[in-house]
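In: Predicted model, plus sequence, below.
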Amino acid sequence: MSEHATRVALVEDHALLAESLNVALSAEGFATRTVTVPPDAESVAEMLDPVLDHRPDVVLLDLDLGAAGDGTALVRPLTNAGSAVVVVTGASELTRWGKCLANGARTVLPKSASLDVIVDTVRRAASGELVMPEARRYELIQNWQRQRNDNQDMRAKLDRLTPREEEVLAALSEGKRVRDIASEWYVSEATVRTQVKSVLAKLGVTSQIAAVAFARELDWRPSG
Amino acid sequence: MNPRQSLSAHGRRPYSGCVSGWGQHSVSAYRGPDRRGDDRTPPAIGLEHPRARFWGRAALVMSAVAVLALGASVLSARGLGDMAQVYVSLHLCLCLVTLAACAGLYLRWRLTGEATIGLLAVAFAILALPQLVLSLTDVASGASDLARSTDPLIQLAVVLPAAWVLWRCVRTPPVDSSLRPLRLGVIGGVGAAVAVAAVTLATQQGWLPPTAQYLAGAVDLVVAGLAFWFAHLFRTRAQSVARPLTTRMSMVFVGLGLGALLSVLAREWWSPVWLLSELVSLSAMVLLGLLATSLLQTVLDFHSVRMLTLSLRASSAEETVRREQERMHELRATVAGIRSASGTLNRYEHQIDADRKQNIELMMTEELARLERLLSTEADLATLGPVMLDDVIRPLVVRHREQGMTVHWRPTGACALIRADEVAEIVNILLTNAHRHAPGSPTTVTVDDLGHNVRLTVADSGPGVSNEVAERLFDRGSRSSLSPGHGLGLHIAQRLAANQAGTLALVDTPTERGARFALTLRAAGPVDGAAESAWTAPGHDADE
């Protein structure tokens, strides 16, 4: 490490947490800067430059960045830029933790972590120490990859739908019945039933409810 | 994301109200306007079509059948062979209508599990299946040996087991989970058909003596008696079904009984009385078919309404869960922030400059208020009570005067629809701001009645707000380079104002010195209908 004070960037949507961490880390001798989330931010990519301007050694990154969206997308570019990313999140989904770790985050801390732990983690991350046990890290990444593979299989099935079948599935997801869809589109019920059957076959499910659940599981929207 | 906005945006529960309203309305539509109060109606499954509609349809269908049958028989009544065909087709028609009614009743049983309906289906299947076998034999044999269909022993072999099932049907509890109508109906019907075949065979082979004419009459009388008895039983004793059903069922049995009585009088099958008897029986079975259709239709309608109601409720529940998850997330984040702030204040007490410390404390107060709001019910959030503004302002003015500020204020008695503690916080922020930016100069608090709205103005006589600062004055973290604060107060104040359906704005004062903030709130006046217009009005008032 060079002689300069360790630079820490705080990317945190929650003003009080940001301010108190800022005060605490500053008091501990870190050159700390809070990067606020612009209220009109449309994507987290907009946050990247303001963070990197500071050339931080360590970035304390929150995942839920309000209007800007999901901070997970920032982990990879920040890591590539040479910062040690420590994710501090209120999110309890371990697959998201796994995704951050797989993208290069040094560790993930829950927001409930004590000030001591956070300060200590920042210090160790800055000096390049191991901040998360390898086994734990491996387990979380595996967990995420498993879910991603499952999702990819499901997504591939959804990708096989024709645009018309996508519309049918979307209509079913809105709770419409075949009869409603047919009258809305000025086609016969038989036509719609054929399309529904084809959707079920492509998704490998046996009922309309299962097809809707399938789409919902992936938070699927028609591509059109 | 701003939890307060998201909560208030969802605060009206867009689905829940419409679900119950919709469901109740639609279900009641099927009960029909002329339905009498009936304490024997089972709760959900006793839904019937309006009586007038049912009987109208029944009369229409039955007269159509009668006209068709009569027309066909008159047209073809040229010789004995033709009359036999009329007989066979009428009888076949009777069997098919009965079996269709059985199918309808069975489907209704599948959907509701009413034992009465299941047993009705069984009884009529037992009646119809052997008759169908006989009719088909009649058709196959070219209607040459018609006596078989009316053989009294055969009739008894069919009627007695059916009567036993009907007896059970009247006595059965509303729901009997051990009942298997399909199995029972098929076994009973096929059993009766076998018995019929055996009797026929025995008679043909001469093992049984040919039945006497008087015996046939006696059996018909027994059948008529049974039918009238069941008509009476269904009218008075059936506890497990709704009254419209019992009335219609007893009409069916009255029809069957009349048919049997008429056939006592007409032992010659080609006589007009016989034709009448056959037509009456057919009408009774058509009535049964209509009854079954109506029962099935009501339960199907009921189920589709229920399905829709449930799916609406499911999506409303999903929405609630999603909102609750969001709220939990906000709660965790808020608590984490407060805990971290309190830890920081404790540990680094001596390293933090006073201003920053004050800022953190202000934020903690705000976060605790937010915590309280997150934990409060939606009813708490929704209530904006009429509050006397003087009561809110007085303690603040007193406190700030104690701190050495000069505050001009006069009580006005104006009332506004607000949450007192939140408006107190806004006024406190404005006074603190004035104190900070215009130290030593007097501050004036005025309250003006604008009709639908009340405007509370806090004006100082300090340096005022420059144009470039004014643009971003209410943004989070916005502050002038000279300001010692962190630019949070006004941001919070504006959000709190929005919480009261009000506005907080900086008023342009080109001629006077100082900054002037106008807080516009909804007046709690006696004017009805003012509430609606007040939702849009504050913005304009503030621009005056």
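Out: Received, thanks.

In: list the buried ones in the longest helix seen in chain A?
Out: In chain A, with assignment by DSSP state H, the single longest helix is helix A:134-159. Using 16 or more other Cβ atoms under 10 Å in any protein chain shown as the test for burial, helix A:134-159 gives A:Arg137, A:Leu140, A:Ile141, A:Asn143, A:Trp144, A:Met154, A:Leu158. No exception for glycine: its C-beta is placed from N, CA and C like everyone else's.

In: Show me chain A divided up by domain.
Out: Listed by automatic domain parsing, the domain ranges of chain A are A:7-143, A:160-217.

In: Now distance to chain B and mean pLDDT too, for these, in TSV please.
Out: As requested, the domains of chain A are exported to TSV (distance: least, Cβ to the nearest Cβ, whole Å; pLDDT from 0 to 100):
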stretch	distance to chain B	mean pLDDT
domain A:7-143	4	88
domain A:160-217	5	88
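
In: taking those together, which one is wrapped up most tightly?
Out: domain A:7-143 (a mean of 19; mean count of other Cβ atoms under 10 Å in any protein chain shown).

In: Looking at chain B, which helix is longest?
Out: The helix that spans the most residues within chain B, counting by DSSP H, is helix B:272-347.

In: returning to what we had before: closest one to B:Val252 among the domains of chain A?
Out: domain A:160-217 (33.1 Å; Cβ to Cβ).

In: Could you give the number of residues near B:Leu331?
Out: If you count neighbours by other Cβ atoms under 10 Å in any protein chain shown, B:Leu331 ends up with 16.

In: Might you report the residue contacts of it?
Out: Contacts for B:Leu331 (Cβ atoms under 8 Å, 6 or more residues apart in numbering or on different chains) come out as B:Leu371, B:Leu374, B:Leu375.

In: Those in helices, which ones?
Out: Going by DSSP H, the helices hold B:Leu371, B:Leu374, B:Leu375 from the contacts of B:Leu331.

In: List buried residues within the residues you listed.
Out: Among these, those scoring as buried are B:Leu371, B:Leu374 (criterion: 16+ other Cβ under 10 Å).

In: picking up where we left off before, tell me which two in the buried residues of helix A:134-159 are the farthest apart.
Out: Of all pairs drawn from those, the greatest distance, 31.4 Å, lies between A:Arg137 and A:Leu158 (Cβ to Cβ).

In: Show me where the chain has its strands.
Out: Let's take chain A. Secondary structure of chain A (DSSP state E): strands located at A:7-11, A:31-35, A:58-61, A:84-89, A:107-110.

In: if you could check chain B rather than the one you did, that'd help
Out: B:385-388, B:407-409, B:415-418, B:443-449, B:453-460, B:503-507, B:516-522.

In: got the ones you listed as TSV, with mean pLDDT, mean neighbour count and distance to B:Arg235 columns?
Out: Listed next are the strands of chain B as TSV, based on pLDDT from 0 to 100; neighbours: other Cβ atoms under 10 Å in any protein chain shown; distance: least, Cβ to Cβ, whole Å:
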stretch	mean pLDDT	mean neighbour count	distance to B:Arg235
strand B:385-388	83	15	61
strand B:407-409	91	17	83
strand B:415-418	87	24	62
strand B:443-449	91	18	73
strand B:453-460	91	24	69
strand B:503-507	89	20	71
strand B:516-522	91	25	64
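
In: got these as CSV, with distance to chain A columns?
Out: Shown next, in CSV, are the strands of chain B (distance: least, Cβ to the nearest Cβ, whole Å):
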stretch, distance to chain A
strand B:385-388, 28
strand B:407-409, 30
strand B:415-418, 25
strand B:443-449, 28
strand B:453-460, 24
strand B:503-507, 17
strand B:516-522, 21
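
In: wait, A:Ala67 sits on A:Val44?
Out: No - between A:Ala67 and A:Val44 there is no contact under Cβ atoms under 8 Å: 10.0 Å.

In: Up against chain A, what does chain B have?
Out: Within reach of chain A by Cβ under 8 Å from any Cβ of the partner chain, chain B has these residues: B:1-2, B:308, B:311-312, B:315, B:329, B:332-341, B:343-345, B:347-348, B:351-352, B:356, B:359-360, B:363-364, B:366-367, B:475-477, B:488.

In: Quick check: PyMOL command selecting the buried ones in the residues you listed.
Out: In PyMOL, this line selects whichever of the residues of chain B next to chain A come out buried by 16+ other Cβ under 10 Å:
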select buried, chain B and resi 308+312+329+332+333+334+335+336+337+338+339+340+341+343+344+345+347+348+352+356+359+360+363+364+366+367+476+488
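
In: Next one: B:Gln358 from B:Met364, what distance?
Out: 11 Å (Cβ to Cβ, to the nearest Å).

In: Domain parsing of chain B, as residue ranges.
Out: B:61-292, B:332-382, B:384-543.

In: Among the contacts of B:Leu331, name the least confidently predicted one.
Out: Least confident entry in those, by pLDDT: B:Leu374, with 80.

In: Residue ranges in chain B under the pLDDT threshold?
Out: Residues of chain B meeting the criterion pLDDT under 70: B:1-55, B:69-84, B:139-151, B:174-175, B:208-213, B:237-244, B:267-270, B:377-383, B:476-488, B:525-544.

In: Give me the phi and psi angles of the residue of it most remote from its centre.
Out: Taking Cα atoms, centre = their mean, the residue of chain B most remote from its mean C-alpha position is B:Gly206, at 65.7 Å. The phi/psi pair for B:Gly206 (degrees, to the nearest 10) reads phi 80, psi 10.

In: show me what contacts B:Val335?
Out: Contacts of B:Val335 (Cβ under 8 Å, 6+ apart): A:Ser112, B:Leu371.

In: Could you do the one 5 residues further on as well?
Out: Taking Cβ under 8 Å, 6+ apart as the contact definition, B:Ser340 lies against A:Leu16, A:Leu17, A:Ser20, A:Leu21, A:Ala24, A:Leu115.

In: pretty sure the first one is touching B:Met363, no?
Out: The reference is to A:Leu16. Yes - taking contacts as Cβ under 8 Å, A:Leu16 lies within contact range of B:Met363: 4.6 Å.

In: Report the set of residues contacting both of the two.
Out: Residues touching both A:Leu16 and B:Met363 (Cβ under 8 Å, 6+ apart): B:Ala341.

In: most remote residue from chain A's center?
Out: Chain A, Cα atoms, centre = their mean, max distance from centroid: A:Ser188 (42.0 Å).

In: I'd like to know how far the spatially closest residue to that one that is not a sequence neighbour sits from B:Thr446.
Out: In this structure, A:Ser188 finds its nearest non-sequential neighbour in A:Ala182, 6.1 Å apart by Cβ to Cβ, 6 or more residues apart in numbering or on different chains. Taking Cβ to Cβ as the measure, A:Ala182 falls 65 Å from B:Thr446.

In: same thing with B:Val86?
Out: 100 Å.

In: Likewise for A:Arg33?
Out: Taking Cβ to Cβ, one finds A:Arg33 at 42 Å from B:Thr446.

In: again with B:Cys95
Out: 93 Å.

In: go on, A:Leu161?
Out: With Cβ to Cβ as the criterion, A:Leu161 and B:Thr446 are 65 Å apart.

In: Going by residue numbers, what spans are helices in chain A?
Out: Counting by DSSP H, the helices of chain A are A:15-27, A:45-53, A:72-80, A:94-102, A:115-126, A:134-159, A:163-173, A:178-185, A:189-203, A:208-217.

In: Check which helices and strands the fifth one sits against.
Out: In terms of contacts (3 or more Cβ pairs under 8 Å, 6 or more residues apart in numbering or on different chains; DSSP states H and E), helix A:115-126 is packed against helix A:15-27, strand A:58-61, strand A:84-89, strand A:107-110, helix B:272-347.

In: The second one pairs with which strands?
Out: Each strand pairing with strand A:58-61, determined using DSSP bridges, is listed with its direction: strand A:7-11 (parallel), strand A:84-89 (parallel).
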